[in-house]
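Student: need coordinates for the following:
(4 chains)
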Number of protein chains: 4
Amino acid sequence: MAASRIYAEDIPSRALAGNPLGDPSTRQVLVYLPPGYDESRRRFPVVYLLASYPKTGASFLQFEAWEEPLQARLDRLLEQGRIRPMLVVLPDAFTRLGGSQYINSGATGPYQDYLIEIVHWADRTLRTIPAKSARAVAGKSSGGYGALRAGMDHPIIFGLVADHSGDKYFEMCYGPTLPRFLRAIGEHNLERALSDPIGARPHNQAFFDVMEVLALSACYSANPASRFGFDLPVDLVTGEILEKVWARWKAHDPLHRVESNADALRSLDLLFVDCGRTDEFNLQVGSRLLHRRLEGLGVQHSYEEFDDGHFRTSYRYDVSLAAISRAFEHDD
Amino acid sequence: MAASRIYAEDIPSRALAGNPLGDPSTRQVLVYLPPGYDESRRRFPVVYLLASYPKTGASFLQFEAWEEPLQARLDRLLEQGRIRPMLVVLPDAFTRLGGSQYINSGATGPYQDYLIEIVHWADRTLRTIPAKSARAVAGKSSGGYGALRAGMDHPIIFGLVADHSGDKYFEMCYGPTLPRFLRAIGEHNLERALSDPIGARPHNQAFFDVMEVLALSACYSANPASRFGFDLPVDLVTGEILEKVWARWKAHDPLHRVESNADALRSLDLLFVDCGRTDEFNLQVGSRLLHRRLEGLGVQHSYEEFDDGHFRTSYRYDVSLAAISRAFEHDD
Amino acid sequence: MAASRIYAEDIPSRALAGNPLGDPSTRQVLVYLPPGYDESRRRFPVVYLLASYPKTGASFLQFEAWEEPLQARLDRLLEQGRIRPMLVVLPDAFTRLGGSQYINSGATGPYQDYLIEIVHWADRTLRTIPAKSARAVAGKSSGGYGALRAGMDHPIIFGLVADHSGDKYFEMCYGPTLPRFLRAIGEHNLERALSDPIGARPHNQAFFDVMEVLALSACYSANPASRFGFDLPVDLVTGEILEKVWARWKAHDPLHRVESNADALRSLDLLFVDCGRTDEFNLQVGSRLLHRRLEGLGVQHSYEEFDDGHFRTSYRYDVSLAAISRAFEHDD
Amino acid sequence: MAASRIYAEDIPSRALAGNPLGDPSTRQVLVYLPPGYDESRRRFPVVYLLASYPKTGASFLQFEAWEEPLQARLDRLLEQGRIRPMLVVLPDAFTRLGGSQYINSGATGPYQDYLIEIVHWADRTLRTIPAKSARAVAGKSSGGYGALRAGMDHPIIFGLVADHSGDKYFEMCYGPTLPRFLRAIGEHNLERALSDPIGARPHNQAFFDVMEVLALSACYSANPASRFGFDLPVDLVTGEILEKVWARWKAHDPLHRVESNADALRSLDLLFVDCGRTDEFNLQVGSRLLHRRLEGLGVQHSYEEFDDGHFRTSYRYDVSLAAISRAFEHDD
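Tutor: Sure thing, here's the model as predicted:
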């Protein structure tokens, strides 16, 4: 049987055409094809794997010291019998500001629509099982957020969700970011960071603190009337938290949305949530709260904590992919 | 003329008798007596100077490398003609948890009452000018908070207030403390820190993070029915911010209290507020907001920012003491 | 004219066969082929570009937010007329410990020999100009170190060297690492890190501190008789710096080798050295010293400092590649 | 029996008269007199307790949150029967640069001579047992260094030495300080820090990094011919470690001096050394090495490690004072 391989295609996106940040609308999508894909006529279930901020789908395939790259991981899990053959699609939802949170925003573009566009493309182009029960969405950090949001917003499309250390409980994961942002804009010019992030040197921690708040603002609090195309959650002169903007952010918090989307979540075949106990963004707090609220709402799900922080935890995909594989309907 | 000297007296406090934390109710009060005090029959205006957390009034007189101790500072300011002769009273409002914020709390004790008790003691014992117009209260950090609260709550007593980098805008000054506290209680046992803070080793940063939240909780959210005598603003299991408790904290935020106490503040002869531009607790944000609200309310005040952080800024007393001195009524 | 492209080939290495760490001896080499390469019959000068620790040549081609990937950079520099067409070869000298410093070591393998092997392969396989005057070696950090060492050790092969922020003046760049390593081995098991670095979780800063010293020890102080195959520069029980081992490290310091290799360096057509003024590893100190010693020895070179630190400074390749391009002999 | 009390006297020092930094030569010495001192005619053994950098003897008596002040500690240890009655003398060896390391230096002044001067003063003025066997010298950090040096240099005077976390193995305790110093002088003007440390704001970490290296240089590498009165161990332009100066520093390292002073140390009735296992200045390394060398030289001593870092460890005086008390000759 032939080995697994990565399929790459540049796909022009209707959704992203003319996006407000001027980011490319034709983007490469990468797909893991399991061993023997080309020789068989089988159809396969699909996992849409969402990269974390500020990365793209390609990052899953890149070499990183002492981490197992995705292709090797999937090959191994297959060989160990821990997952069944599946396709893994790696979209690119990067923006000039570093990321889109995989949601629609008037300031970045309709990136959740784009994700659905990719699903349709995959179903047209690849031998997928074109059914909710054979379609998972997963990711870590901003990718976990995007996965959970996809499950909430499109339960017709996605039947399985895995959210690793996803953004939630914004008070604790973004709250401490705001004073760091205020300090950072003393070092970095906002206009420059926005218009020419590649040239806005040095790319030190302050630069990343600036970009993160710009990106999140563009995702959560678009405002075409404002100077940047979006509202910042703090006043640039005093540093005051702007409660109206902050409320718009919080409206995007999964904890805020879980109740009104409980039916969507109940309809999933799998809802997997985990987090490291010492997450640097305090996401274990929001994860525990989500777990409790899901319990309170009677939403079946799987919840795990593990002894690690936020970074370099891709080994957790072993757990979620196995759970996803078990939950895929056995109709192939 | 004889040199200035420090007068010390152990004063049994009625207010602090039987205080809930079991802290001493007899405490030493220290007073700076200006040069010539003993030889004259004059009466003097008084500044009540409040120490920052977790310090006592004695700390103003202690040697610290490359800082000017208070007595030398006052002597110099007098000699330079930048202040007139005055008494400076240094109370001790320390608690087992590190401080009282100089307010009344069922969990720590009535420390604002204690401050007033000290005023009465001073007026009885020393040749003070026993008038609001000759009575200032000042401090830094928690001491600045206590001074501002004293001015709001007892404008009959204090006619002048100087708040250096005082706690305010709790979202930004205490908000980032909460996740630090959650991490710290992974290292330190809460019961132990509460019952035996001297023995709860090591006294590392995590220890101080624990003590700070215990102390603030005791000041802002006393609850005799709860395990510690007060409520913590976060759930110890999940880390969730407990909004009801947090609301009790915020009710103590000077920004929250400024409007309802505007008349009190308007009645002051001096309201001086300053903050460092790079305050490590982000207090410049709250300071700017207080400044704006005072302007909005038509409360006369003096506001300054300076190029420094939160720590080792006692040189700012040169500015506030000179302003206080100018504002003391010239009727001696 | 056809666009530039990346040529990839898996090359079995004779040098790396049976290397002591059991790392693969067949490795992919990546080559940037300039626009029009396939259509022409021209021969091109070559730059061998060495990745920093703990990376591989592939990392130059990977997406990283707000950085210009190498292919785009080279295309742009060509288009801007700042460089002439050239090949850029990206070797992979990664080891289980994170890197080889591109030198020969009994504990890691003969990685400098491997670099030369790649040169021969390129000259056999690609339309290179097979001459020293058309062969540059460049890199950053450990890659800069490797480039400078290649120039010192093989001036017959390489006629041009660019060393960006390369390891040097080990007292200051590695000295502060040693106590960090001692702290780190309190958290991480050395045997585990050595035998199973992928599994030795968490991959936190302490882990990287451990791996760095293991890797450098394997490069600089191999010892087949010792427990790990190399000697560590500190005693694991007391923490003492082992002067004999440390002396072996320092024998590899470019500052130590510059005098005895002055003739080699004098024979170069280009020796380019730069460093950020706020390098996190204090490499600006060693860079200044190298600059002075080169001056003292009458070795022509170009030296620059720039306002940045150690990380995310690939924009400096614009400067070195232009200098390399100018220095390549105009005989094409 | 009357309670313990603190005796204070301003003593004009002959040793410090005309000291090069222009620091005061008349200094207050503080002495703990045990309960009943005034009523008795007994003579008492004496401990000379040396403050750490940048503190004075007075710091032992100051309030610090959650630490036991020295007087209370001594009273308690007496009451618990863990120490016998003794005098504790607290000298002040502060300098404009923060401290003298309690040694003689042409750049700071003869501070070790000053310590001996204080001993003579105490023997003249107080009811001491004027014998080596009843005279201990102890301290922490720079104070521990000073105590050990006093024992090495004046074994005729001091019969007992306790060195808590004292400076030693300069490679590891000062080595990492040098690059921090180089960064700090980018923020702080050296001349200003030297001529007006009180005014050289802000007093941030960089300021302390500057002052520490200035102070140590003045202690270890005085040079009347140089710009500052002493040589710095690094070149201010390149950052190079100046090996000749650094060798002068290392000549003051206790590890360097232990062999040539072995007879002095052997003559002691007590040599107590301890250190925290996670000392922030890596002093546990030097402490272990000192312990080994003392063993190798057959110097009797007591060595302990404890689970803490460098700061807020005054509870370790319970151990050393009890050991000192046991070792004092029982001839009173």
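
Student: pLDDT weak spots in the stretch 201-332 of chain A?
Tutor: A:330-332 (pLDDT under 70).

Student: and the helices in it?
Tutor: Along the stretch 201-332 of chain A, counting by DSSP state H, counting those that start in this stretch, helices occupy A:205-220, A:243-250, A:254-257, A:262-266, A:283-296, A:317-327.

Student: got CSV for the ones you listed, with distance to residue C:144 too?
Tutor: The C-beta positions use only the backbone N, C-alpha and C, and glycine is treated the same way. CSV is the format used below for these (distance: least, CB to CB, whole Å):
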stretch, distance to residue C:144
helix A:205-220, 23
helix A:243-250, 43
helix A:254-257, 45
helix A:262-266, 52
helix A:283-296, 37
helix A:317-327, 35
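
Student: just checking stretch A:82-93 against chain C, any contact.
Tutor: No. If you take CB under 8 Å from any CB of the partner chain as the test, stretch A:82-93 misses chain C, and the best it gets is 8.6 Å.

Student: how long is that stretch end to end?
Tutor: The first and last residues of stretch A:82-93 sit 29 Å apart, counting by CA to CA, to the nearest Å.

Student: near residue A:52, how many residues? Count them for me, please.
Tutor: Number of residues near residue A:52 (other CB atoms under 10 Å in any protein chain shown) recorded here: 23.

Student: ok, the one 4 residues further on next?
Tutor: Neighbourhood size, residue A:56 [other CB under 10 Å]: 21.

Student: quickly note the distance from it to chain B.
Tutor: Distance check for residue A:56 against chain B: by CB to the nearest CB, to the nearest Å, it reads 29 Å.

Student: quick one, what contacts that residue?
Tutor: If you count contacts by CB atoms under 8 Å, 6 or more residues apart in numbering or on different chains, residue A:56 has them with A:90, A:92, A:93, A:94, C:63.

Student: look up the closest residue to the first one, ignoring the ones flanking it.
Tutor: Ranked by CB to CB, 6 or more residues apart in numbering or on different chains and with sequence neighbours excluded, the top spatial neighbour of residue A:90 is residue A:57, at 2.9 Å.

Student: need the contact list for the one you found.
Tutor: A:29, A:30, A:49, A:50, A:51, A:89, A:90, A:91, A:92.

Student: JSON lines for the residues you listed, including pLDDT, secondary structure and neighbour count?
Tutor: Compiled in JSON lines, the contacts of residue A:57 are given as follows (pLDDT from 0 to 100; DSSP: H, G, I helix; E, B strand; the rest coil; neighbours: other CB atoms under 10 Å in any protein chain shown):
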{"residue": "A:29", "pLDDT": "98", "secondary structure": "strand", "neighbour count": "21"}
{"residue": "A:30", "pLDDT": "98", "secondary structure": "strand", "neighbour count": "20"}
{"residue": "A:49", "pLDDT": "98", "secondary structure": "strand", "neighbour count": "25"}
{"residue": "A:50", "pLDDT": "98", "secondary structure": "strand", "neighbour count": "32"}
{"residue": "A:51", "pLDDT": "98", "secondary structure": "coil", "neighbour count": "25"}
{"residue": "A:89", "pLDDT": "98", "secondary structure": "strand", "neighbour count": "24"}
{"residue": "A:90", "pLDDT": "98", "secondary structure": "strand", "neighbour count": "24"}
{"residue": "A:91", "pLDDT": "98", "secondary structure": "coil", "neighbour count": "31"}
{"residue": "A:92", "pLDDT": "96", "secondary structure": "coil", "neighbour count": "21"}
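
Student: dump these to CSV, plus distance to residue C:80.
Tutor: Output for the contacts of residue A:57, formatted as CSV (distance: CB to CB, whole Å):
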residue, distance to residue C:80
A:29, 31
A:30, 31
A:49, 37
A:50, 36
A:51, 31
A:89, 37
A:90, 33
A:91, 33
A:92, 27
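
Student: just those now: which is nearest chain C?
Tutor: Proximity of those to chain C (CB to the nearest CB) peaks at residue A:92, which lies at 8.6 Å.

Student: done for today, thanks.
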